[in-house]
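Visitor: Here is a sequence with its predicted model. Questions after.
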Amino acid sequence: VVTLAREGEDASIGLIAVAEAARGRGVGRRLMDAAHWWMAGRGARRASVVTQLANVAACRLYEGGGYRLGEVTHYYHFWPAARR
């Protein structure tokens, strides 16, 4: 699955997910190609994607698709314990 958005000349990939059994077979690369075709067909001139640096497979996929690291931002999450 791949989710995409476009606003004016900017597009973004929200998510690319490949079933575990299908990984390593070029499915991610084909999803990237389809995403780029979709973006270009709608007039996008720039594209971005956000992922975690620890997600090495995703970083490799995006770098292989021509994306380059543009910014590193730290996000911290806090989930308070449920009150009893």
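Guide: Arrived safely.
Visitor: Only C-alpha atoms from now on, for both contacts and neighbour counts.
Guide: Fine.
Visitor: From residue 80, how far off is residue 43?
Guide: Applying CA to CA, to the nearest Å, the value for residue 43 to residue 80 is 43 Å.
Visitor: Who has more neighbours out of those two?
Guide: The neighbour comparison of residue 43 against residue 80 (other CA atoms under 10 Å) goes to residue 43, with 14 against 6.
Visitor: How much space separates that one from residue 11?
Guide: Distance, residue 43 to residue 11, by CA to CA: 9 Å.
Visitor: And residue 61, by the same measure?
Guide: 17 Å.
Visitor: Which one of the two is surrounded by more residues?
Guide: Per other CA under 10 Å, whichever of residue 61 and residue 11 has more neighbours is residue 11, with 23 against 16.
Visitor: For that one, which three-state class applies?
Guide: Under DSSP: H, G, I helix; E, B strand; the rest coil, residue 11 falls in the strand class.
Visitor: List the buried residues in the longest helix along the chain.
Guide: If you go by DSSP state H, the chain has its longest helix at helix 27-41. Within helix 27-41, the residues that count as buried by 16 or more other CA atoms under 10 Å are 28, 31-32, 35-36, 38-39.
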